[in-house]
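Enquirer: Below is the sequence, then the predicted model.
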Amino acid sequence: MQLPPIAATTIGSFPRPSWLAQNERSRAVFRLEGAELKQAQDDATALSIHNQERIGLDLLSDGEQRRTGFINHVLASFDGIDLEHEAVKTIYRRREQPRPVPRIVGKIKRRKQAIVEDLKFAKAQTNKPIKMDVPGPMTVVDSTLDEYYKGDEAAMAMDVAAAINQELRDLQAAGCDVLEIDEPAMTRYHEKVFAYGAKALDRCLEGITVPTVVHLCYGYPGGGGRQHEYEYPELLEELMKTKIGGFGVEFARSGYDPSVLAIAKGRIVMFGCVDPSDTPVPSVTQVAERVRTVLKYVEPKNLWLAPDCGLMTITRELADAKAKLLVDIANEVRKTL
């Protein structure tokens, strides 16, 4: 895979067409079933990929057009997880609130491939590199109700990691160019990262040789205030001890000083520099200056520009404008390299 210096990319999700699904924040309710649904998802995926090409992104995703949510689509291929009979769990999403979540009813194992066919379809639509993402072990633990592991989160996380590793190995074998592990829970529970999260992340990466990044949300799952005074520095220092190839970090909304990225020397930095929410599109000049500051700490070949998080929850027009902004920023900053 050959990317230009300061590559423009995306986290993963793009808005679904209204004829495919009714979007309700982080979940989608599909309008069709069976073969008709698959055909519509194929069409929406091809549309998303061709749209990303038209905009000029360097590293594409499949737009996550087949997913009802970023976690359950993958968990549906694992044994030991009951997605049909959810339970209520109080979890923290900017504030404590009860939510319906899948139940863990047995030992977690991968039963079948989850998104390998999604990758193959995406690869057939373009000659540009494709990045696919999966939820990380800590986030799966946080987003489910354990009725099997008796509260042993570390054991559960390692089983999730083994299942994810199987999926990543198959994605790699099928030609995936970049693998992303989404771990928003890491920014919420630092003590768990030190206890078992970093070890579980490494288990996910066994045998993986293609570029990898872990996406570390700033606000879980969006907005919200600062969670830890030293959130990213503390996390990056610990995760630099792992085999992960790079970090997806949110700087558009967090307001962090880019100097923290000096910790990530030699790794990929997927720099969140555009707010993915329903906010106005900033000027190229405004964001480009911030990106130039990042270049004091990150080599151009290791710097990827991205939105803070997925673009699924905004309109297609706004998502396209924010993706195009990333391309324009990259082109502007490259002029001064």
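Expert: Cool, the structure landed.
Enquirer: got a pLDDT number for the closest residue to Arg169 other than its chain neighbours?
Expert: Leaving aside its chain neighbours, Arg169 sits nearest to Gly207 (5.6 Å; criterion: Cβ to Cβ, 6 or more residues apart in numbering). In this view, the C-beta of every residue, glycine as well, is placed from N, C-alpha and C. Gly207 carries a pLDDT value of 98.
Enquirer: now swap in Thr90 and tell me
Expert: 83.
Enquirer: And it, how far from Gln97?
Expert: Between Thr90 and Gln97 the distance is 7 Å, computed by Cβ to Cβ, to the nearest Å.
Enquirer: same question, Gln125
Expert: Taken as Cβ to Cβ, the span from Gln125 to Gln97 is 38 Å.
Enquirer: Out of those two, name the residue with the larger neighbour count.
Expert: Each of Gln125 and Gln97 has its neighbours counted (other Cβ atoms under 10 Å); Gln125 has more, 19 against 10.
Enquirer: Just confirm that one is within a helix.
Expert: No: according to DSSP: H, G, I helix; E, B strand; the rest coil, Gln125 belongs to no helix; its state is coil.
Enquirer: The nearest residue to it once chain neighbours are set aside: what's it in contact with?
Expert: In this structure, Gln125 finds its nearest non-sequential neighbour in Ile49, 4.5 Å apart by Cβ to Cβ, 6+ apart. Neighbouring residues of Ile49 by Cβ atoms under 8 Å, 6 or more residues apart in numbering: 60, 62-63, 122, 125-126.
Enquirer: can you give me the helices in the stretch 201-337 of the chain?
Expert: For the stretch 201-337 of the chain, the helices defined by DSSP state H, counting those that start in this stretch occupy 231-239, 284-294, 316-334.
Enquirer: Which residues does the shortest one contact?
Expert: Residues from elsewhere that reach helix 231-239, judged by Cβ under 8 Å, 6+ apart: 186-187, 190, 193-194, 198, 201, 214, 216, 218, 228, 247, 249, 254, 256, 260-261, 263-264.
Enquirer: Mean neighbour count for the helices of the stretch 201-337 of the chain - can I get that in CSV?
Expert: Formatted as CSV, these follow (neighbours: other Cβ atoms under 10 Å):
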stretch, mean neighbour count
helix 231-239, 19
helix 284-294, 16
helix 316-334, 19
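Enquirer: Flag the shaky bits of this structure, pLDDT-wise.
Expert: 23-27, 92-95, 219-230 (pLDDT under 70).
Enquirer: how about CSV for the helices of the stretch 201-337 of the chain, with distance to Ile181 added?
Expert: Listed next are those as CSV, based on distance: least, Cβ to Cβ, whole Å:
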stretch, distance to Ile181
helix 231-239, 11
helix 284-294, 22
helix 316-334, 21
